[in-house]
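>>> A predicted structure for the sequence below; I have some questions about it.
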Amino acid sequence: MIYNFNLGIGWASSGVEYAQSYRGIVLREADIPAKFIFTDMFPNDHIEHMTKNIYFEDNEIIWLYSFFTDFEMTPVTFTKKQFEDTLPSDNFDFSRKGDVGLYEFKDDNIFYRVYFKSAKSSKVHRVEIVSQGKLLRKDYYTYAKMYSEFYAPDGDKARRYMRRFYNVDGSTAYEEINQEGQDSAIYRFPDRILNSKMELVEYMVEKLHFTKDDYVIFDRTSFVGQAVLRNAGPAKVGVVIHADHYSKGNTNDDYILWNNYYDNIFRLYKYVDFYIVSTDEQKEVLKAQFKKYCNAKPKIITIPVGALEELKYPETERKPYSVMTASRLATEKHCDYDIKACVKVHEVIPEITLDIYGEGAAKKDLKKLIKELGAQDYIRLMGQYDLTEVYKDYELYLSASTSEGFGLSLLEAIGSGLPIVGFDVPYGNPTFVDRGKNGHLYKFDEKTSEAEKIQALADMMIKYFTKDNREDYHKHSYEVASKYLKGEVMDKWIKLLK
């Protein structure tokens, strides 16, 4: 069994979660059993809905907090009728707005605020119980009540003092006691007391009973790495590197500044059986750095974090002068550069359009920027999409990100024949772009201004649309993408495990 450790997941997941999803598909196809373990809490959405959204199978998911109960991983199926059968009285008024319902018991000055699975669903995800204007409890449901949170008044706020996790029959599996004024918690089981979340993770690992035939793979090690390593036993341990792993500007002949997400696990290389990177370029860089700064030769393997099911070809002609990009809407992705560059191109090629796919914290600022530049007619924020059949309708992919460990959206783009315009930065863009054959890359340094970078992106797009043989560029992108078909990546995993 391969046990893959991560922290959280969301509706707008990062490349780490999508990389795990690709891995799950490949391992499933190869008949290699795998589990994906998530250790964060998910109070606002049920974890199964988010994992299913990016194609995990329910039986592949382990959630730390439900692991110690007899609940299976399923979607929310607990109905409004089932919930009403649990109410202390049928003397209530009910109203609903969107995905939120309200049960009011006027005689007792109590109300229940119900959060449904969606605005059109009658399935109940969670319920807040409020008495005399004070929050008392929150109950969370899947096909029965899975856990409850208990609250006490603390000034104008409600302070959570306990979580109670149930078995399907309603019996208590264990409790999380939240200590006042502290972020830590105590976990109370029938046969033991655990004094921290780290100990809870250790207990889970202990109960998984790893053997010499098992593999533990870290996608994120923060908060869980130490607990898992201490209890991995005979299992083989691997670490997947999802990003640029060091700071070039803060590294010299005597010292290297590792990416803070990998610093600790790099220093513990003696306890790691293998590291996985997505590109040969990163493999050679990391290999040389381990030798130079640690005098060590750990096993480093190249396995792309993504794989293509098939190459996607357009059924109709691609929309002329159409550009797209897809990412989390975060500042480090520099979608503002994409927007500003396309505004410059619009002055030369009025037909140009840019569609930006994704969600994230920067969305509000990007929307404001588009309006300020008067570009609403040709630049759109598209939101979160399944892009499987979308890329092939466009002519060009634009990537202003200044660092990508691999770039799953870049892989999907060339898998639909899109050339790429972007920056010559580690490690994604140079992996997928053969300059002058299926795209253009601009090399810059720390002295290059933002204005110069934006102008470079604009110039490369103008060159592509006015001088390059676009059909040849599409053809070459397909040729590059063929190396990343699922079968090729599957063979690399099978070779590693053998």
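Received, thanks.

>>> pLDDT score for G181?
Note for G181: predicted pLDDT of 59.

>>> quick one, helices of the stretch 151-300 of the chain?
Ranges of helices in the stretch 151-300 of the chain, per DSSP state H, counting those that start in this stretch, are 197-208, 225-231, 263-267, 280-289.

>>> so P426 sits against D244, correct?
Yes: applying C-beta atoms under 8 Å, one finds P426 in contact with D244, separated by 5.2 Å. Placement of C-beta: from N, CA and C, glycine included.

>>> now the common contact residues for the two.
Counting by C-beta atoms under 8 Å, 6 or more residues apart in numbering, the common neighbours of P426 and D244 are 282, 403-404.

>>> out of the residues you listed, who's the most crowded?
Using other C-beta atoms under 10 Å as the neighbour criterion, E404 leads the shared contacts of P426 and D244 with 28 neighbours.

>>> for that residue, list the residues it contacts.
Neighbour list for E404: 243-244, 410, 425-429 [criterion: C-beta under 8 Å, 6+ apart].

>>> quickly list what A152 is bridged to.
Beta bridges link A152 to R159 when assigned by DSSP bridges.

>>> quick one, grab the pLDDT at it.
Reading off the model, A152 has pLDDT 93.

>>> packing partners for the helix or strand bottoming out on mean pLDDT in the chain?
When each helix and strand of the chain is scored by mean pLDDT, DSSP states H and E, helix 428-432 comes last, with a mean of 88. With contacts taken as 3 or more C-beta pairs under 8 Å, 6 or more residues apart in numbering; DSSP states H and E, helix 428-432 sits against helix 408-415, strand 420-423, strand 439-442, helix 470-481.

>>> those helices in the stretch 1-150 of the chain, which residues are they?
Ranges of helices within the stretch 1-150 of the chain are 15-29, 47-53, 80-84, based on DSSP H, counting those that start in this stretch.

>>> buried ones in the lengthiest helix in the chain?
The single longest helix within the chain, with elements called by DSSP state H, is helix 450-466. Across helix 450-466, burial judged by 16 or more other C-beta atoms under 10 Å covers 453-454, 456-462, 464-465.

>>> same question for that helix, mean pLDDT?
Mean predicted confidence for helix 450-466 is 97.

>>> stretch 386-406 now?
pLDDT averaged over stretch 386-406 gives 90.

>>> any idea how far apart the tips of it sit?
19 Å (C-alpha to C-alpha, to the nearest Å).

>>> where does pLDDT dip in the stretch 51-200 of the chain?
Residue ranges of the stretch 51-200 of the chain with pLDDT under 70: 181-183.

>>> so where do the strands sit in it?
Listed in chain order, the strands of the stretch 51-200 of the chain (DSSP state E, counting those that start in this stretch) span 61-63, 93-97, 100-105, 110-116, 124-131, 134-141, 145-154, 157-166, 172-178, 185-189, 192-194.

>>> in TSV, list those along with mean neighbour count.
Compiled in TSV, the strands of the stretch 51-200 of the chain are given as follows (neighbours: other C-beta atoms under 10 Å):
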stretch	mean neighbour count
strand 61-63	20
strand 93-97	11
strand 100-105	17
strand 110-116	19
strand 124-131	20
strand 134-141	19
strand 145-154	18
strand 157-166	17
strand 172-178	18
strand 185-189	17
strand 192-194	13
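
>>> still on that earlier bit, and the buried residues of helix 450-466 as a markdown table, adding distance to V323?
Conversion of the buried residues of helix 450-466 to a markdown table gives the following (distance: C-beta to C-beta, whole Å):
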| residue | distance to V323 |
| --- | --- |
| K453 | 17 |
| I454 | 14 |
| A456 | 15 |
| L457 | 10 |
| A458 | 11 |
| D459 | 14 |
| M460 | 11 |
| M461 | 7 |
| I462 | 12 |
| Y464 | 9 |
| F465 | 9 |
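
>>> which of the residues you listed sits closest to S196?
Of all the buried residues of helix 450-466, S196 sits closest to K453, with 45.0 Å by C-beta to C-beta.

>>> residues touching the closest one, list them.
337, 400, 423, 442, 444.

>>> residue ranges of each domain in this protein, please.
2-70+199-302, 80-196, 322-484 (automatic domain parsing).
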